[in-house]
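Engineer: sequence first, predicted coordinates after that:
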Amino acid sequence: MGVLSNISGKEAVRISISVGGKFHSAPLGLQLKKQGYLGQFITSRPEMRHLLGDAVTAIPYPEYIGWAWCRLPLANRRLPFNLLKDNLFDVMALRCLKPCDLLVAWAHFALFTMRRAKELGVKVVVERGSAHVLTHHDLLSDEYRRFGLAYNSAHPLMIRKQLREYDEADIIMVPSHFAYDSFIAHGIDAKKLRLVPYGVDNILFSQPQALTKQTKFRVIFVGNIGLEKGVQYLLQAVKELGLPDLELVLVGYPDASGEMLLKTYQGVYHYIPQVPHNELSRHYQMSSVFVLPSLAEGHAMVTSEAMACGLPVIVSSNTGALARDGVDGFVVPPTNVEALKDKLVYLYQHRQEAREMGDNARRYISDNYTWDHYGKRVVEVYRELLGLH
């Protein structure tokens, strides 16, 4: 299938997206629509029609089935709900795929749909928002084992499917150097990889005109509360420091490991259940520093959002963050409590420098990493793959 031409003779590229969830698919779809490239948006989320209109083909049934299945403990142990729903979405999506020039599909939702696209002569980009599946699995298996828990989130069939997707894709898109390096470490040819960091809504996430003077040194964490995000090391660091007027705020829902951590460290933190995305900026703006010591991320968008709000950050090198060490905050080794303590104390004792780092972070994101910046970069990759440069 060749690239179409419109009446003016300029190439009219039709790009289809297939994604069984949210991830960063909405900003990508909006960018492609804005630039005139969006052909079809296959999704498990019908609400996407409000953003993308008639381009949306909604397949919500796998989500409903997965939701019901995960509430059957015995059945879910035999066949994990995400394995069931993600493959069901993939099978249904391939039947809905319309003619296009390029398919962009999310890892683990993609294999059968991308094979159908290949039969039609369509180029395929696989989106992988985290590290290589084997890197991700190994890091988290080791961490769960350290806490006497079993890591069950990656079924062997899920891993096998993703490896096949990597092999059969024309391009694998990753959002950070950490993710990129993990693919290289597992033998993926660099020619097959493209690194494009995600963007930030710089209208929703910005620094207010006048920041309220903080009486406390407020450390904020945003994300799923559990071992994967390294919350255990942040809690340990704050407890051991015992700094006066330091408040740790955890925003997000705990998984099973997170519930264990919250019980263990009662009194160390202030807990706020997950808040709507459009209200997060208020929490960032009330804080002094953002901390995310994850063990395995592709690119934690909450980090960029906090930076856009003028916060210095402390992140692990496995977070895939855009932060420049010593400029926008600090990058520390994962699982290193002493490094976390050292950087927390430094920012606690150097409030003016912390504010300057926050200003650096805000400008860096605003000047380089909005969703419009992302849209231009990602379309350049698509056009290169289609031979349009």
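Structural biologist: Nice, thanks for sending it over. Numbering: from 1, shown residues only.
Engineer: from now on I want contacts and neighbour counts done on CA atoms only, so please keep to that.
Structural biologist: Noted.
Engineer: which residue ranges form the strands in the stretch 51-200 of the chain?
Structural biologist: Remark: strands assigned in the stretch 51-200 of the chain by DSSP state E, counting those that start in this stretch are 56-58, 102-106, 123-127, 171-174, 193-195.
Engineer: which one, of those strands, ends up nearest to residue 358?
Structural biologist: strand 193-195 (25.2 Å; CA to CA).
Engineer: re the thing from before, dump the strands of the stretch 51-200 of the chain to JSON lines, plus mean pLDDT and distance to residue 373.
Structural biologist: Below are the strands of the stretch 51-200 of the chain laid out as JSON lines (pLDDT from 0 to 100; distance: least, CA to CA, whole Å):
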{"stretch": "strand 56-58", "mean pLDDT": "97", "distance to residue 373": "24"}
{"stretch": "strand 102-106", "mean pLDDT": "98", "distance to residue 373": "19"}
{"stretch": "strand 123-127", "mean pLDDT": "98", "distance to residue 373": "18"}
{"stretch": "strand 171-174", "mean pLDDT": "98", "distance to residue 373": "16"}
{"stretch": "strand 193-195", "mean pLDDT": "98", "distance to residue 373": "13"}
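Engineer: for those strands, give me CSV that also has mean neighbour count and distance to residue 327.
Structural biologist: Shown next, in CSV, are the strands of the stretch 51-200 of the chain (neighbours: other CA atoms under 10 Å; distance: least, CA to CA, whole Å):
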stretch, mean neighbour count, distance to residue 327
strand 56-58, 22, 41
strand 102-106, 26, 33
strand 123-127, 26, 30
strand 171-174, 25, 24
strand 193-195, 18, 22
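Engineer: can I get these in CSV including distance to residue 113?
Structural biologist: As requested, the strands of the stretch 51-200 of the chain are arranged in CSV below (distance: least, CA to CA, whole Å):
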stretch, distance to residue 113
strand 56-58, 14
strand 102-106, 8
strand 123-127, 10
strand 171-174, 15
strand 193-195, 20
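Engineer: helix/strand/coil for residue 41?
Structural biologist: Of the three states, residue 41 takes strand under DSSP: H, G, I helix; E, B strand; the rest coil.
Engineer: right, and it touches residue 29 too?
Structural biologist: Yes. Residue 41 is within contact range of residue 29, at 7.3 Å (criterion: CA atoms under 8 Å).
Engineer: now do the shared contacts for the two.
Structural biologist: 17, 52 (CA atoms under 8 Å, 6 or more residues apart in numbering).
Engineer: re earlier: for residue 333, find the nearest of the strands of the stretch 51-200 of the chain.
Structural biologist: strand 171-174 (21.0 Å).
Engineer: now for whichever strand or helix holds residue 314, which elements pack on it?
Structural biologist: Assigned by DSSP states H and E, residue 314 belongs to strand 313-316. The helices and strands touching strand 313-316, judged by 3 or more CA pairs under 8 Å, 6 or more residues apart in numbering; DSSP states H and E, are strand 289-292, helix 301-308, strand 329-332, helix 337-349.
Engineer: please convert those to CSV, extending it with distance to residue 57 and mean neighbour count.
Structural biologist: Shown next, in CSV, are the helices and strands packed on strand 313-316 (distance: least, CA to CA, whole Å; neighbours: other CA atoms under 10 Å):
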stretch, distance to residue 57, mean neighbour count
strand 289-292, 35, 26
helix 301-308, 26, 27
strand 329-332, 41, 24
helix 337-349, 45, 18
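Engineer: I'd like those laid out as JSON lines, including mean pLDDT and distance to residue 98.
Structural biologist: Formatted as JSON lines, the helices and strands packed on strand 313-316 follow (pLDDT from 0 to 100; distance: least, CA to CA, whole Å):
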{"stretch": "strand 289-292", "mean pLDDT": "98", "distance to residue 98": "40"}
{"stretch": "helix 301-308", "mean pLDDT": "96", "distance to residue 98": "31"}
{"stretch": "strand 329-332", "mean pLDDT": "98", "distance to residue 98": "44"}
{"stretch": "helix 337-349", "mean pLDDT": "98", "distance to residue 98": "50"}
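Engineer: residue 126: which of the ones you listed is closest?
Structural biologist: helix 301-308 (19.1 Å).
Engineer: show me what contacts the nearest residue to residue 271 once chain neighbours are set aside?
Structural biologist: Nearest residue to residue 271, sequence neighbours excluded (CA to CA, 6 or more residues apart in numbering): residue 250, at 5.0 Å. Applying CA under 8 Å, 6+ apart to residue 250 gives the contacts 220, 221, 222, 225, 269, 270, 271, 272.
Engineer: and the residues you listed, which is closest to residue 389?
Structural biologist: Distances from residue 389 to those, taken by CA to CA, are shortest for residue 222, at 40.0 Å.
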